[in-house]
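1. Quick one, what's the 3D model for this:
(chains A and B)
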2 protein chains.
Amino acid sequence: MLITDHIVKSYDDELNRLTAMILEMGQLLEAQLEKVLECLTKGDNKIAQEIVDKDIEVDRLENKIDTSAVRLLALRQPVASDLRNVVAALKISAHLERMADYAVNVSKRVIALNQMGPIKYVSSITRLVRLVQEMIRDVLKAYSQLDDKAAHEIWKRDEEVDELYNGFVRELLTYMMEDPRNISPCIHILFIAKNIERMGDHVTNIAEHIHYLVHGTLWSESRK
Amino acid sequence: MLITDHIVKSYDDELNRLTAMILEMGQLLEAQLEKVLECLTKGDNKIAQEIVDKDIEVDRLENKIDTSAVRLLALRQPVASDLRNVVAALKISAHLERMADYAVNVSKRVIALNQMGPIKYVSSITRLVRLVQEMIRDVLKAYSQLDDKAAHEIWKRDEEVDELYNGFVRELLTYMMEDPRNISPCIHILFIAKNIERMGDHVTNIAEHIHYLVHGTLWSESRK
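-> Next comes the predicted model:
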C-alpha cells in the first residue's frame, strides 16, 4: 500500500514537473521579450547579445521537457487527460522554442541596425511587443489553470496583432518611399515586426493545445 | 496464439500507417511546392488559389496523424524505437503543417503581386524553391528509410539555402533603391523568399528528428 502510494505520488510529481518546466520555459521567453523591448527602444547591443546568449537555456529546457515527456510515456504509459498533458507539453515546448528563436532573430537585427546609425521608426513596434508579451503571459496562465475560456479569448486577440502589424508595415513603406537610404534599415525593422507578429501566431497555437488539453478534442474539430 | 499474432500484426500496421500518413503529408507538401513554382513563374492567380484551397487537406492530415499517434500511445503504450516513432510523427507533422502554411502565404503574396502589374524579379527565387523542394523530397526518403547519414547531409544543405536567400535579398535591395515604385512589390517578393528560406529551416528540424528516431538521442546532445 505504501509502495503504491509512493508510485502514484511520484507519477503525479513527474506530471507536475512537466507542467512546471513548460511554465519555466514560458517565463524565460517572457524575460527574453522584456529584453527585446529594452534593446529595441535603447538600441542596446549589449542587451541584444544577452538575448542571443540566453537562447541556449531555452533550447536546453526544451530538450529536458521532451526527454521527460518521452520518459513519462515509456515508463508511466499515461492515458486520458494525463496522456493529453504529455502530448500537449511536447507540442507547446516546440512553440515556445520557436518563439524564443524569433526573439534571437530580432536581437540580431537590432545589432545590424545599430551599424547603420541611430535606430528610428521602432516606436510603433513597442505596442506590438507589449501586446504579444501580454498574450504570452495570459496563455501561460490559462495553461497552468487549464482555463479553456481564457485561451479562447487570447486566441481572438491575434486579430489585434495582425491589425497593428499591417498598419506598421504601411507606415514603414512610406519611410522607404520617402528616402532610399531608409530602405535597408526599414527592411530589418519590417522583419522584426514580422517576427513579433509570428510570435502571436504561436500563442494562438498554444491556445489551441489548451483546448485539446481540456476537452480532448482538436480545436479545428470543435469549430466545425 | 492466433489472437496474439493478430494483435501484434495490427499494432505494426498502425505504426506503419502512421509513417505512411507522414509520407502522404510530405507528398502533398511537395505537390504544393511544385504549384508554388508554377504560380510564381507564370504569375497565375488560379494556381495560387488552388494552393490556398488545398491547405485544408494538409491540416486534416495533420489532425489525423496527431489523433492516430495519441491513440497509439494510449492503447498500445509503445516503448523504445516504437515510442520514438510515434513522438517523431507528432513533431514532424507539425513541421510539415508549418511548411504548408508558408506555401499558402507565398500564394497569397503572388495574388497580391498580380494586382501590382507583371511579376518581376522572381527568377532567382525559382532556384531557391527547387533547392528546398529537393531537400523536402530527400528528407522524406531519409525518414522512410531511417537513413541518419542522408538526414545529416540534408541538414548541411541548409547553408546553401541561406546563401541563395542572402544573395537574393541583396539583389532585391538594389531594385528597391533604383525605383521607389519597386518597393511594394519587392517587399512581397522578399517575404516570399523568406518563406521559402524558413521551409529549409523546417527541413533541418525534420532531419534532427530522424537522428532522434534512429539513435534515441537528441541531435543537440550528439553534437556536443
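2. May I have the phi/psi pair for the residue in chain A positioned nearest to chain B?
-> When distances are taken as C-beta to the nearest C-beta, chain A reaches nearest to chain B at A:Q77, 4.0 Å away. Placement of C-beta: from N, CA and C, glycine included. Dihedral pair for A:Q77: phi 40, psi 60, per degrees, to the nearest 10.
3. quick one: it and B:R76, what's the gap?
-> Going from A:Q77 to B:R76 by C-beta to C-beta, to the nearest Å gives 9 Å.
4. Count the residues that sit near A:T217.
-> Residues lying near A:T217 (other C-beta atoms under 10 Å in any protein chain shown) number 11.
5. Reduced to three states, what does it come out as?
-> Secondary structure for A:T217, judged by DSSP: H, G, I helix; E, B strand; the rest coil, is coil.
6. Now find how far off-centre the helix of greatest length in chain A is within its chain.
-> What stands out as the longest helix in chain A, according to DSSP state H, is helix A:2-42. With C-alpha atoms, centre = their mean, to the nearest Å as the basis, helix A:2-42 stands 13 Å off its chain's centre.
7. Check which helices and strands it sits against.
-> If you count contacts as 3 or more C-beta pairs under 8 Å, 6 or more residues apart in numbering or on different chains; DSSP states H and E, helix A:2-42 packs onto helix A:45-76, helix A:80-114, helix A:123-144.
8. can you do 10 Å?
-> Packing partners of helix A:2-42 (3 or more C-beta pairs under 10 Å, 6 or more residues apart in numbering or on different chains; DSSP states H and E): helix A:45-76, helix A:80-114, helix A:123-144, helix A:183-215.
9. can you give me the angle it makes with helix A:123-144?
-> 170 degrees (axes from the mean of the first three to the mean of the last three C-alpha atoms, to 10 degrees).
10. And the nearest residue to A:V58 once chain neighbours are set aside, how far from B:D53?
-> Nearest residue to A:V58, sequence neighbours excluded (C-beta to C-beta, 6 or more residues apart in numbering or on different chains): A:A100, at 4.1 Å. In this view, A:A100 and B:D53 are 34 Å apart by C-beta to C-beta.
11. got it, and A:K120?
-> Taking C-beta to C-beta, one finds A:K120 at 41 Å from B:D53.
12. Can you pick out the residue with more neighbours from those two?
-> A:K120 (14 against 11).
13. The residue nearest to the more buried one when sequence neighbours are not counted: neighbouring residues, count only.
-> Nearest non-adjacent residue to A:K120, counting by C-beta to C-beta, 6+ apart: A:P185, 7.1 Å away. Neighbourhood size, A:P185 [other C-beta under 10 Å]: 23.
14. Surely A:P185 touches A:G43?
-> No. Using C-beta atoms under 10 Å as the test, A:P185 is too far from A:G43 to be in contact (11.2 Å).
15. Show me where chain A dips below the pLDDT cut-off.
-> Low-confidence segments of chain A (pLDDT under 70): A:1-9, A:220-224.
16. follow-up on the earlier one: between A:Q77 and B:R76, which contacts overlap?
-> Common contact partners of A:Q77 and B:R76 (C-beta atoms under 10 Å, 6 or more residues apart in numbering or on different chains): B:L83.
17. A:K141 touches A:L23, doesn't it?
-> Yes. Between A:K141 and A:L23 there is a contact under C-beta under 10 Å: 9.3 Å.
18. follow-up on the earlier one: could you check the angle the longest helix of chain A makes with helix A:45-76?
-> Using the same axes, to 10 degrees: helix A:2-42 against helix A:45-76 is 160 degrees.
19. Pretty sure A:D148 sits against A:V139.
-> No. In terms of C-beta under 10 Å, A:D148 does not count as a neighbour of A:V139; the distance is 11.7 Å.
20. what about those two, which has more around it?
-> Taking other C-beta under 10 Å, A:D148 and A:V139 do not tie; A:V139 has more neighbours (28 against 17).
21. Give the burial count for A:V79, as a bare number.
-> A:V79 has 12 nearby residues by other C-beta under 10 Å.
22. residues touching it, list them.
-> Contacts for A:V79 were tallied using C-beta under 10 Å, 6+ apart; they are B:L73, B:A74, B:L75, B:Q77.
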